[in-house]
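> Sequence and predicted model, in that order:
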Amino acid sequence: MLKRDPATSGSDRTELVVLVLPGGTDRSYRPFSPRQPSALRMYPFTWSIRARFRNRVRVHQVRYRFYGWNGAQNCPVHDARKALDDLTREHPGVPVVLVGHSMGGRVGAHLAADSRVVGLLALAPWWQHADWRHIRDGVRVVAVHGTDDTRTFARRTERGVHELDERGVDATFVPVPDGKHAMLDHIGLWQNAALDFVGIVLRAHHP
């Protein structure tokens, strides 16, 4: 079970749940560590969202069991879905937003088939097999991708967003000129994308 955030103790004023989904790799059964680079990369997003929106938003950064996706096993999807179930049990009826980087963006696309999910921010997503097709209608999608990313590909992400848009999904592609996969460039742009996205979804559900 997830530990309850002290900020939400007592009267639950949570208006939005945010799941932060770190990256990983294609194949690995190495245990996922909260100190590995893919996890460390996402803490600033987790902390800044929590600091900006305080008690209105419940933020949880997912820790997978394994570092790898591992083919048809889709290992991190199961871990993220358990976190989704735990958080929505803790906050029944509260909509969920996903913020995922790289493999986390792929995890997010799979979770976005769930009716509890209302938004997905995909940062340099690893959409290897048209994973965007898992995203249900009604989910707000923003995909941000660096044009110099050589690990995942901005053109593929743009193609996915275009397909979602043609399907009628509210989907936007944001290119980061010269941006690379690790998001260590244009830091303000990456961070503000997350804060703006959460704010937009929050206002849409609680005007």
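Received, thanks. As the structure is a prediction and not an experimental result, all values here were calculated from the model. Numbering: from 1, shown residues only.
> measure Arg52 to Ala204 for me?
Arg52 sits 16 Å away from Ala204 when distances are taken as CB to CB, to the nearest Å. (Each C-beta comes from the backbone N, C-alpha and C, glycine too.)
> What of Pro95?
Counting by CB to CB, the gap from Pro95 to Ala204 is 9 Å.
> Over to Val142?
13 Å.
> which stretches of the protein have low pLDDT?
For the chain, applying pLDDT under 70 flags the ranges 1-12.
> Helices of that one, start to end?
Under the criterion DSSP state H, helices of the chain are mapped to 37-40, 43-53, 75-90, 103-111, 154-167, 187-205.
> What residues of the first one count as buried?
Think helix 37-40. For helix 37-40, the neighbour count (16 or more other CB atoms under 10 Å) marks Ser38, Ala39 as buried.
> and if you look at the last one?
The neighbour-count criterion (16+ other CB under 10 Å) identifies Trp190, Ala193, Ala194, Phe197, Val198, Gly199, Val201, Leu202 as the buried residues of helix 187-205.
> swap in stretch 98-113?
In terms of neighbour count (16+ other CB under 10 Å), stretch 98-113 has its buried residues at 98-112.
> Endpoint to endpoint, it covers what distance?
Across stretch 98-113, the terminal residues are separated by 12 Å (CA to CA, to the nearest Å).
> Also stretch 98-118?
Using CA to CA, first and last residues of stretch 98-118 are 8 Å apart.
> Make 508 the starting number, not 1.
Understood, numbering begins at 508; the last thing we discussed is stretch 605-625.
> Run the chain-centre distance for that stretch.
The chain centroid and the centroid of stretch 605-625 are separated by 5 Å, computed with CA atoms, centre = their mean, to the nearest Å.
> Just give the closest residue to Val564, not the sequence neighbours.
Leu523 (4.8 Å; CB to CB, 6 or more residues apart in numbering).
> first vs last residue of stretch 614-632, how far apart are they?
The separation between the terminal residues of stretch 614-632, taken as CA to CA, is 9 Å.
> ok now that stretch, how far from the chain's centre?
So, by CA atoms, centre = their mean, the centroid of stretch 614-632 is 6 Å from its chain's centroid.
> cool, and stretch 559-579?
8 Å.
> Go through that stretch and flag the buried ones.
For stretch 559-579, the neighbour count (16+ other CB under 10 Å) marks 560, 562, 564-569, 571, 573-577 as buried.
> Narrow those residues to those in strands?
Val564, Arg565, Val566, His567, Gln568 (DSSP state E).
> before we move on, the earlier item: rebuild the helices of the chain as CSV, extending it with distance to Leu628.
Below are those laid out as CSV (distance: least, CB to CB, whole Å):
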stretch, distance to Leu628
helix 544-547, 16
helix 550-560, 9
helix 582-597, 14
helix 610-618, 8
helix 661-674, 12
helix 694-712, 5
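> Tell me which of those helices lies nearest to Pro682.
helix 661-674 (6.1 Å; CB to CB).
> now what about the closest one, what contacts it?
629, 631-632, 634, 637-640, 642, 644, 648, 650, 652-654, 678-680, 682 (CB atoms under 8 Å, 6 or more residues apart in numbering).
> Tabulate the CA atom coordinates of stretch 668-676 in PDB.
Listed next in PDB are the C-alpha coordinates belonging to stretch 668-676 (Å, rounded to 0.1, in the frame of the first residue of the first chain):
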ATOM      1  CA  VAL A 668       0.000  12.900 -31.900                       C
ATOM      2  CA  HIS A 669      -1.200  13.500 -35.400                       C
ATOM      3  CA  GLU A 670      -3.000  10.200 -35.400                       C
ATOM      4  CA  LEU A 671      -4.600  10.900 -32.100                       C
ATOM      5  CA  ASP A 672      -5.700  14.400 -33.300                       C
ATOM      6  CA  GLU A 673      -7.300  12.800 -36.400                       C
ATOM      7  CA  ARG A 674      -9.200  10.400 -34.100                       C
ATOM      8  CA  GLY A 675     -10.600  13.400 -32.200                       C
ATOM      9  CA  VAL A 676      -8.400  13.300 -29.200                       C
END
